[in-house]
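Engineer: no sequence on this one, just coordinates:
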């Protein structure tokens, strides 16, 4: 791709969690570490302070498995999407970018199913008085299954009535209760994504076979 390394032979690599889209760290690659990353499918970088290559996870076990690498419009910076085995930061935090400088909540539109799943998991681990989520966990699996069934019915009724706003509301309820069930069953959002992704790969393979 004719990547443009700087005068020191380096190119910045922004490492991103492939599941959540969260920026994990900013590191640098030289041509050798870049080629090792391509060959090994785990991240290799070049340490500017130690003047040597380093393999992320070699000492900590927190390897980063590369899903894709994308160059920017000038070919002088990389976005590296990974599935990680553990915290990205050497301090033990999920991301190196944890020191908040500015935050304007009214402009924050970011949200993911992982965020909601994490909140549900936290409620289970750290019960909060008056929490509906804790109420469901306290009542157990049968109550959770009953709520999932009820929400499925509500979605059907709203959709049959062709009420878009109500259908969106009920689907949101169903999604929430499904995440509660997943937490109860020990199933993660990433496992569901992996299952869906495997079906996508199979579907593409079938289509290619039909074309040939």
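Structural biologist: Great, that's in hand. These numbers come from a predicted model, not from an experiment.
Engineer: quick one: low-confidence ranges for the chain?
Structural biologist: Low-confidence regions of the chain, defined by pLDDT under 70, span residues 1, 105, 108-109, 201-212.
Engineer: domains in it, by residue range?
Structural biologist: Domain assignment for the chain, taken from automatic domain parsing, gives 11-84, 106-211.
Engineer: deepest-packed of the ones you listed, please.
Structural biologist: For these, the largest average neighbour count (mean count of other Cβ atoms under 10 Å) is found in domain 11-84, namely a mean of 16. Where you see a C-beta, it was placed from the backbone N, CA and C, and this is true even at glycine.
Engineer: first vs last residue of it, how far apart are they?
Structural biologist: Between the opening and closing residues of domain 11-84 we find a distance of 21 Å, counting by Cα to Cα, to the nearest Å.
Engineer: by contact count, what packs against the strand or helix carrying residue 119?
Structural biologist: Using DSSP states H and E, residue 119 sits in helix 113-125. Packing contacts for helix 113-125, counted by 3 or more Cβ pairs under 8 Å, 6 or more residues apart in numbering; DSSP states H and E, involve helix 132-139, helix 164-185, helix 189-211.
Engineer: redo those helices as JSON lines? Include distance to residue 58.
Structural biologist: What follows is the helices and strands packed on helix 113-125, written out as JSON lines (distance: least, Cβ to Cβ, whole Å):
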{"stretch": "helix 132-139", "distance to residue 58": "39"}
{"stretch": "helix 164-185", "distance to residue 58": "33"}
{"stretch": "helix 189-211", "distance to residue 58": "24"}
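Engineer: and for the helix holding residue 119, what's in contact with it?
Structural biologist: The set of residues external to helix 113-125 that reach it, using Cβ atoms under 8 Å, 6 or more residues apart in numbering, is 19-20, 131, 133-134, 137, 175-176, 179-180, 182-183, 188-190.
Engineer: from those residues, which is closest to residue 106?
Structural biologist: The shortest gap between residue 106 and any of the contacts of helix 113-125 belongs to residue 20, at 22.3 Å (Cβ to Cβ).
Engineer: didn't residue 62 look like it was pressed against residue 90?
Structural biologist: No: no contact is recorded between residue 62 and residue 90 when judged using Cβ atoms under 8 Å, the distance being 9.1 Å.
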